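**Student:** Let's see this in three dimensions:
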Amino acid sequence: MDGFKANKSIFQGDSRVLLIAIILILMLVGCRSEAPSETIEDRAQARWDLVLARDFEAAWEYLTPGFRQTTNRFDYARDMAGRPLRWLSAEVVGRDCEEDLCKINVLVGYQAVGAPAGMGQMRLSREIEETWIRLDGAWWFVQN
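**Tutor:** Coordinates of the predicted model:
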């Protein structure tokens with residue numbers, strides 16, 4: 001019987017150590033800093049980075065859920081690849097946001113593919129305005 005009581009008290013000691021370890025782990029998890037959430041500018045730039053890399057299928061993921069329901073990934077990628085432009089650069093340069101709507105300004109560099117002699121080699125740039133909406137806490141690009 002004495003052996004059983006000794007084993008029981010050792011087990012109770014182990015339970016206390018386990019409980020203290022769990023409490024410490026929970027405290028550490030509560031104290032860790034959260035990674036900053038992706039900003040609307042980050043999201044817009046990430047989509048443009050995919051367009052610049054001609055990864056149109058991945059860029060499709062940034063489109064509104066409604067657009068993605070009506071236009072499949074392959075058709076979108078084919079349409080984007082067939083445009084008479086070659087995007088060379090893109091930089092988010094500004095934004096004007098209200099609650100769930102943002103107008104994002106992007107400075108885009110491009111070349112006109114298939115333009116008349118000499119014009120196809122010209123590098124052009126212009127600032128464009130994109131519309132992004134927030135749905136269920138996530139930002140989505142509105143394709144015009």
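**Student:** center of the chain, which residue is that?
**Tutor:** Centroid check for the chain by Cα atoms, centre = their mean gives residue 43 as the closest residue, at 4.6 Å.
**Student:** helix, strand or coil for that residue?
**Tutor:** helix (DSSP: H, G, I helix; E, B strand; the rest coil).
**Student:** check contacts around it.
**Tutor:** By Cβ atoms under 8 Å, 6 or more residues apart in numbering, the contact list for residue 43 reads 62, 132, 139. C-beta: built from backbone N, CA, C; applies to glycine.
**Student:** ok, which stretches of this structure are helices?
**Tutor:** 2-31, 40-52, 56-59, 65-70, 73-81 (DSSP state H).
**Student:** Now do the same for the longest strand along the chain: mean pLDDT, whole number.
**Tutor:** Of all the segments of type strand in the chain, defined by DSSP state E, the longest one is strand 85-98. Across strand 85-98, pLDDT averages out at 96.
**Student:** before we move on, what about stretch 48-56?
**Tutor:** 98.
**Student:** Where does pLDDT dip in the protein?
**Tutor:** 1-36, 117-120 (pLDDT under 70).
**Student:** Would you mind giving the domain segments of it?
**Tutor:** With domains defined by automatic domain parsing, the chain comprises 1-33, 40-142.
**Student:** which of the ones you listed sits most buried?
**Tutor:** The highest mean neighbour count among the domains of the chain, using mean count of other Cβ atoms under 10 Å, belongs to domain 40-142: a mean of 14.
**Student:** Could you tell me which residues make contact with the spatially closest residue to residue 74 that is not a sequence neighbour?
**Tutor:** Counting by Cβ to Cβ, 6 or more residues apart in numbering, residue 57 is the residue found nearest to residue 74 once chain neighbours are left out, at 7.4 Å. Taking Cβ under 8 Å, 6+ apart, we find residue 57 in contact with 73, 74, 76, 77.
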